[in-house]
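Participant: Structure for this input, please:
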Amino acid sequence: MVDASNRTERMVASVDHVFSWLDNGSWSRHRFDPGIADFALGNPQELPLPGLVDALQRHAVPKDKDWFAYKFNEPGPRAVIADSLRRRTGISFEPGDIALTAGAFGGLGVTLRALCDVGDEVVFLSPPWFFYEMLIESAGATPVRVRLSPPDFDLDPDAIAAAITPRTRAVIVNSPNNPTGRIYREPELAALGRVLEQASARNGRPIILISDESYNRIVFDGIEFKSPARFYDATMTIYTYGKTTLAPGQRIGFAAMSPTFPDRRENEQRVTVHQIASGWGFPNALLQHAISDLEGLSIDIGALQARRDRMVPALREMGYDVTKPEGTFYIMARSPEPDDLAFAERLAEHGALVLPGTIVESPGWFRISLTASDEMVDRGLEAFRAVARVGAGD
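Facilitator: The predicted model follows:
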């Protein structure tokens, strides 16, 4: 049984390397340098979508006295999201299945705290989004990592099966995957569903599949995204509008409980209670009013793909070992020197910022964000080239 008394210490320890780099690493020291090419985080590097600005301005005008009153999981936005999910997944979601959250971050936190207890285990895949472990610890559960093998970083249902114990309560799967850009396909998702069904029957309670689909509309090359919810009943689907609108500070998303989820209504109530207990974990009124407009907005996916198609071959020609992402904002590349933190620092001194792989449990790698502007790509490639020449001894 896990000792809950030092939960906060474990939470802090799980993200200490992240904040150490954010506060003292290459990004914090160089992000305001003139002409810096910032590929470090999935932040906007250009002005927001005009449609987003128009929607927020329009819905900021109140239509009744309750326009900015307390907002729970409001019926209108839930209906919009349920309709979108039905069209995108073919699953018969109902408005009552939708919990409105402060982005995917809020959806993950609420789901874990609502459905996991002290002593439970939660499996997550590594390299991960760097806050999974902290969120699992915040629920009093124990993180269990399954490492994916580079350079393909394929989903490995057998490795997940080997990590499951009688205490396993949930498995987090992120597709399209941050940081690797991998999109998991139907055969591996179906295999994962079978693993979870068998383990649930063996454990005598359902193992919850938490499907982090933050990037499910940011896919390249015409790939059809398949939600893991199609292959397993006890699934919570997590989504944020902050990626498709490239406005991560405007935090609205959802946690959607599959219609086939065991004890569905009881568990939906648990989620709502934890939304309140977390300090009012609902999106603000303005974003809820604007949800029908947000549904139809998207950054230019073709422009992201074009940046990928420019950067990947250019970096490979320089000698970098680079993955070709199938979706998301990110490219993963192997550092030309073992110390990826030192490489990121040296690159920053030449005018480009990246996320060291150490931050996402991938030492010896680094991550490049495609949300950089085209002008940053121009300057950034020169920085990558200069560092590659130095590394080669020129």
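Participant: Residue 255: what secondary structure?
Facilitator: strand (DSSP: H, G, I helix; E, B strand; the rest coil).
Participant: Ignoring the adjacent residues along the chain, who's closest to it?
Facilitator: Spatial nearest neighbour of residue 255, excluding adjacent residues (CB to CB, 6 or more residues apart in numbering): residue 107 at 3.9 Å. Every C-beta, even on glycine, is put in place using the N, C-alpha and C of the backbone.
Participant: Residue 200 sits in which helix or strand?
Facilitator: helix 186-203 (DSSP states H and E).
Participant: Which neighbouring elements make contact with that helix?
Facilitator: Where contact means 3 or more CB pairs under 8 Å, 6 or more residues apart in numbering; DSSP states H and E, helix 186-203 is packed against helix 157-163, strand 168-174, strand 208-212.
Participant: Just the CA atoms of the first one, as PDB, please.
Facilitator: In this case it means helix 157-163. Extracted C-alpha coordinates of helix 157-163, given in PDB (Å, rounded to 0.1, in the frame of the first residue of the first chain):
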ATOM      1  CA  PRO A 157       0.300  -4.100 -26.000                       C
ATOM      2  CA  ASP A 158       2.400  -7.000 -24.700                       C
ATOM      3  CA  ALA A 159       4.600  -4.600 -22.700                       C
ATOM      4  CA  ILE A 160       1.500  -3.000 -21.200                       C
ATOM      5  CA  ALA A 161       0.100  -6.500 -20.400                       C
ATOM      6  CA  ALA A 162       3.300  -7.300 -18.500                       C
ATOM      7  CA  ALA A 163       3.000  -4.100 -16.500                       C
END
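Participant: which outside residues touch it?
Facilitator: Residues outside helix 157-163 that contact it (CB atoms under 8 Å, 6 or more residues apart in numbering) are 123, 125, 144, 146-148, 171, 188, 191-192, 194-195, 198-199.
Participant: and residue 186, how many residues sit next to it?
Facilitator: Other residues near residue 186 come to 11 when the count uses other CB atoms under 10 Å.
Participant: Distance of the nearest residue to it once chain neighbours are set aside relative to residue 205?
Facilitator: Leaving aside its chain neighbours, residue 186 sits nearest to residue 226 (5.3 Å; criterion: CB to CB, 6+ apart). Using CB to CB, to the nearest Å, residue 226 is found at 26 Å from residue 205.
Participant: Those two: who's more crowded?
Facilitator: For residue 226 versus residue 205, neighbours defined as other CB under 10 Å are more numerous around residue 226 (18 against 12).
Participant: Could I get the contacting residues of the more buried one?
Facilitator: Residues in contact with residue 226 (CB under 8 Å, 6+ apart) are 184, 185, 186, 189.
Participant: Same question for residue 165.
Facilitator: Contact analysis of residue 165 by CB under 8 Å, 6+ apart lists 121, 144.
Participant: Mark out where each domain of the chain begins and ends.
Facilitator: 4-48+300-391, 50-294 (automatic domain parsing).
Participant: between the strand or helix carrying residue 276 and strand 253-257, how many degrees?
Facilitator: Per DSSP H and E: residue 276 is located in helix 264-277. Counting by axes from the mean of the first three to the mean of the last three CA atoms, to 10 degrees, helix 264-277 lies at 150 degrees to strand 253-257.
Participant: Low-confidence ranges, the protein, go.
Facilitator: Where the chain drops to pLDDT under 70, the residues are 1-5, 389-394.
Participant: what's the spacing between the residue nearest the centre of it and residue 356?
Facilitator: The centroid of the chain falls nearest to residue 214 when counting by CA atoms, centre = their mean (5.1 Å). Distance of residue 214 to residue 356, given as CB to CB: 21 Å.
Participant: how about the strands in the protein?
Facilitator: For the chain, the strands defined by DSSP state E cover 37-38, 98-101, 121-126, 142-147, 168-174, 208-212, 235-240, 253-257, 330-334, 352-353, 355-356, 365-369.
Participant: Turn those strands into JSON lines, including mean neighbour count and distance to residue 313.
Facilitator: Formatted as JSON lines, those follow (neighbours: other CB atoms under 10 Å; distance: least, CB to CB, whole Å):
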{"stretch": "strand 37-38", "mean neighbour count": "24", "distance to residue 313": "18"}
{"stretch": "strand 98-101", "mean neighbour count": "26", "distance to residue 313": "39"}
{"stretch": "strand 121-126", "mean neighbour count": "23", "distance to residue 313": "28"}
{"stretch": "strand 142-147", "mean neighbour count": "18", "distance to residue 313": "29"}
{"stretch": "strand 168-174", "mean neighbour count": "24", "distance to residue 313": "27"}
{"stretch": "strand 208-212", "mean neighbour count": "27", "distance to residue 313": "30"}
{"stretch": "strand 235-240", "mean neighbour count": "27", "distance to residue 313": "31"}
{"stretch": "strand 253-257", "mean neighbour count": "27", "distance to residue 313": "34"}
{"stretch": "strand 330-334", "mean neighbour count": "23", "distance to residue 313": "11"}
{"stretch": "strand 352-353", "mean neighbour count": "27", "distance to residue 313": "18"}
{"stretch": "strand 355-356", "mean neighbour count": "28", "distance to residue 313": "21"}
{"stretch": "strand 365-369", "mean neighbour count": "27", "distance to residue 313": "14"}
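Participant: nearest to residue 221, of those?
Facilitator: Of all these, strand 330-334 sits nearest to residue 221, with 14.3 Å by CB to CB.
Participant: Tell me the gap between the closest one and the middle of its chain.
Facilitator: 16 Å (CA atoms, centre = their mean, to the nearest Å).
Participant: Over to stretch 238-254?
Facilitator: Its chain's C-alpha centre and that of stretch 238-254 lie 10 Å apart, by CA atoms, centre = their mean.
Participant: Endpoint to endpoint, it covers what distance?
Facilitator: 6 Å (CA to CA, to the nearest Å).
Participant: Likewise for stretch 331-343?
Facilitator: Criterion CA to CA; first-to-last residue distance in stretch 331-343 is 16 Å.
Participant: Show me the contact partners of it.
Facilitator: The contact list for stretch 331-343, computed with CB under 8 Å, 6+ apart, reads 21, 25-26, 127, 150-151, 153, 179-181, 308, 311-312, 315, 319-325, 356-358, 362-368, 370, 387-388, 391.
Participant: show me the contacts for residue 103.
Facilitator: Applying CB under 8 Å, 6+ apart, the residues contacting residue 103 are 240, 241, 242, 248, 251, 252, 253.
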